[in-house]
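[1] Any chance you can model this:
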Amino acid sequence: MAYPRLTDQPGVAEIVEAVRRGECTPFEVAERAVARIERLDAHINAVVVPDFDRALAAARALGETPGPHQPLFGVAMTVKESFDVAGLPTTWGHPQHAGNIARRDSVVVQRLKAAGAVILGKTNVPPDLADLQSDNPLYGRTNNPHDPTRVAGGSSGGGAAAVAAGMVPCEYGSDIGSSIRNPAHFNGIWGHKTSFGLVSRRGHSHPAAGGQDVHDGPLSVVGPMARSAADLALLLEATADLPLPRRAVPLAGMRLLAVLDHPASEVDEAVRVPIEAAIESLEKAGARVDRSSELLPDLARQHADYLKMLNIAMARGRPSPSGKCAGLLDWFALLDAQARNEYAWEALFAAYDFVLAPPLAFLAFPHDGTPIGARRIAINGADHAFADTLAWAGIATFPGLPATVLPVGDTDGLPCGIQVIGPRWRDFACIAAAEVMGSVLHG
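    I've put the predicted structure just below:
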């Protein structure tokens, strides 16, 4: 099953192997990546904080021989603008924070560098990471490389566009409302939302915190994006706090639950048709796919609780536009609801290996400056509230589950993905399952 690809540039594993064989040096890899960004980014605007001179110097300093614990040796990549990189601004898309220069690298950046990666710069985001498109008054708008009239997604949209266009082989992003998953879906790449707590978020703090470490709340995670499942696994292994098990996942006999209907969000046929075709192919290859289960948690209740927690977390407890402010009783009630929801998903995964769901209800949409709370979107010809589609983010975010997005096809040239959701701490199993599915779907 074909899906639109824009580049034949090598991925992470291929670059590492080429460097190890002496076919190229880290400096040459970085130099070529800089040239691609300078050639391709003029019409995409993905890499908005370039750091080319320091990156080339760092690549030259690496030498030509990897150390014993450098699985990313020679990989030239980018990270999301919201990660601190020493000496670079961290603004989250706000002009008033243009002078907020990070004093030290975030933990993720430290680990990437220790693994041998070279950081070329940082990629575009929406203000406060609070939209499904990457457009802000400081750095401007990122365009989808498949169709520049459409969004690249958000909030990790700049990184996804850079990966899809072939500027870099990979990126590190973050996700609270599908911010890794929707850009992967929109751009035809692979992305992984990690289990809550698996990868450190230290150094991924709003600039208003003034460089202090703050807690993002019980929803936000950070995770990798790339052009293959194998590359996601390499990046995750280099950055995870915990040594999770890795094992092969055979498709034959795999127990899958397909969730394509949600009480809060209708799915557009442009998304449903490619996903249905992919599921049919998986069934033919030996997977067992159910379309319903009494074990599935109450998705309407889960979505309502997710939105409450998301809004409180994003506002850090400040009053809502209505002037209301959540109290401690409200917050602890939400934590209780989240715990019950986690237990319900745990029971479901005793019967199923993975859940398949759309990453979002629609494909990449035309650029739209309407605030997300007031934005509307057409789904199957009918008008819908744009924010309702966050239901497909919350399905994995609220219970803290891992979810891997892989491309499955396209509609009229626009990529479409599917998310593979698994039990908590089974991140590598999710990635491995997605890899097996991709081999069936893409040949």
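
[2] Going by neighbour count, list what's buried in the helix or strand of the chain with the lowest mean pLDDT.
    Lowest mean confidence among the helices and strands of the chain (mean pLDDT, DSSP states H and E): helix 299-315, at a mean of 94. Neighbour-count burial for helix 299-315 flags 299, 302-303, 305-310, 312-314 (criterion: 16 or more other CB atoms under 10 Å). C-beta here means a position set from N, CA and C on the backbone, and glycine is covered the same way.

[3] Could you do stretch 65-77 as well?
    66, 70-77.

[4] what are the ranges of the strands in the stretch 151-300 of the chain?
    Applying DSSP state E, counting those that start in this stretch to the stretch 151-300 of the chain gives strands spanning 170-175, 190-193, 221-226, 255-258, 288-290.

[5] wait, which of those is closest to P4?
    Nearest of the strands of the stretch 151-300 of the chain to P4, taken as CB to CB: strand 190-193 at 14.2 Å.

[6] Relative to that closest one, what are the paired strands and their orientations?
    strand 221-226 (antiparallel), strand 403-411 (antiparallel) (DSSP bridges).

[7] nearest to V125, of the ones you listed?
    Of the strands paired with strand 190-193, nearest to V125 by CB to CB is strand 221-226, at 13.0 Å.

[8] tilt between the closest one and strand 170-175?
    Our comparison of strand 221-226 with strand 170-175, counting by axes from the mean of the first three to the mean of the last three CA atoms, to 10 degrees, yields an angle of 150 degrees.

[9] follow-up on the earlier one: in TSV: the buried residues of helix 299-315, plus distance to D427.
    What follows is the buried residues of helix 299-315, written out as TSV (distance: CB to CB, whole Å):
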residue	distance to D427
L299	23
Q302	21
H303	23
D305	24
Y306	20
L307	25
K308	26
M309	22
L310	22
I312	26
A313	22
M314	24
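
[10] tell me which of those residues is nearest to G327?
    I312 (10.5 Å).

[11] Burial check on the nearest residue to that closest one once chain neighbours are set aside, number of neighbours?
    Closest residue to I312 apart from its sequence neighbours, by CB to CB, 6 or more residues apart in numbering: A326 at 5.1 Å. A326: 18 surrounding residues under other CB atoms under 10 Å.

[12] re earlier: for the least confident helix or strand of the chain, name the packing helices and strands.
    helix 328-348, helix 391-397 (3 or more CB pairs under 8 Å, 6 or more residues apart in numbering; DSSP states H and E).

[13] I'd like to know which of those helices is closest to C24.
    Of all the helices and strands packed on helix 299-315, helix 391-397 comes closest under CB to CB, at 37.7 Å.

[14] hang on, isn't the residue nearest to I312 packed against A313?
    No. Between A326 and A313 there is no contact under CB atoms under 8 Å: 10.4 Å.

[15] and the strands of the stretch 151-300 of the chain as TSV, adding mean pLDDT, distance to T149 and mean neighbour count?
    Listed next are these as TSV, based on pLDDT from 0 to 100; distance: least, CB to CB, whole Å; neighbours: other CB atoms under 10 Å:
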stretch	mean pLDDT	distance to T149	mean neighbour count
strand 170-175	98	23	30
strand 190-193	99	23	32
strand 221-226	98	23	29
strand 255-258	98	32	20
strand 288-290	98	35	15
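
[16] Give me the below-cutoff pLDDT ranges for the stretch 1-150 of the chain.
    1 (pLDDT under 70).

[17] which ones are touching D51?
    85, 87-88, 119-122 (CB atoms under 8 Å, 6 or more residues apart in numbering).

[18] Helices of the chain, start to end?
    12-20, 26-40, 52-62, 107-114, 157-165, 181-187, 229-239, 269-284, 299-315, 328-348, 391-397, 427-442 (DSSP state H).

[19] out of those, which comes closest to C416?
    Of all the helices of the chain, helix 269-284 comes closest under CB to CB, at 4.2 Å.

[20] list the helices and strands the closest one packs on?
    Against helix 269-284 (3+ CB pairs under 8 Å, 6+ apart) you get strand 255-258, strand 288-290, strand 403-411, strand 414-421, helix 427-442.

[21] Return the set of buried residues in it.
    270-272, 274-275, 278-279, 281-282.

[22] how many degrees apart are it and helix 427-442 in direction?
    90 degrees.

[23] Just the residues contacting helix 269-284, thanks.
    Against helix 269-284 from outside (CB under 8 Å, 6+ apart): 1, 251, 254, 256, 258, 260, 289, 356, 358, 360-363, 380, 408-412, 414, 416, 418, 437, 440-441.

[24] Could you measure from the residue nearest to I312 over to A13?
    Going from A326 to A13 by CB to CB, to the nearest Å gives 45 Å.

[25] next one: A30
    For A30, the distance to A13 - CB to CB - is 17 Å.

[26] Same check on D383?
    Taken as CB to CB, the span from D383 to A13 is 45 Å.

[27] Compare those two and say which one has the larger neighbour count.
    Just comparing D383 and A13: by other CB under 10 Å the higher neighbour count belongs to A13, 18 against 8.

[28] Tell me, how many residues neighbour the closest residue to that one other than its chain neighbours?
    Nearest non-adjacent residue to A13, counting by CB to CB, 6+ apart: A230, 5.4 Å away. Using other CB under 10 Å, A230 has 17 neighbouring residues.

[29] wait, what's in contact with A230?
    So A230 contacts 11-13, 435 (CB under 8 Å, 6+ apart).

[30] tell me the domain boundaries of the protein?
    Per automatic domain parsing, the structural domains of the chain span 12-239, 255-298+335-442.

[31] just so I know, which of those domains lies nearest R318?
    That would be domain 12-239 among these, by CB to CB, at 11.5 Å.

[32] ok now the closest one, how far from the chain's centre?
    11 Å (CA atoms, centre = their mean, to the nearest Å).

[33] so how far is A391 from L260?
    From L260 to A391 the distance is 12 Å (CB to CB).

[34] between those two, which one's more packed in?
    Shown here are L260 and A391; by other CB under 10 Å, A391 has more neighbours (26 against 15).

[35] quick one: that one and E266 touch, right?
    No. Between A391 and E266 there is no contact under CB under 8 Å: 9.9 Å.

[36] okay, and the common contacts of those two?
    Common neighbours of A391 and E266 (CB under 8 Å, 6+ apart) are A361.

[37] Nice, that's everything, thank you.
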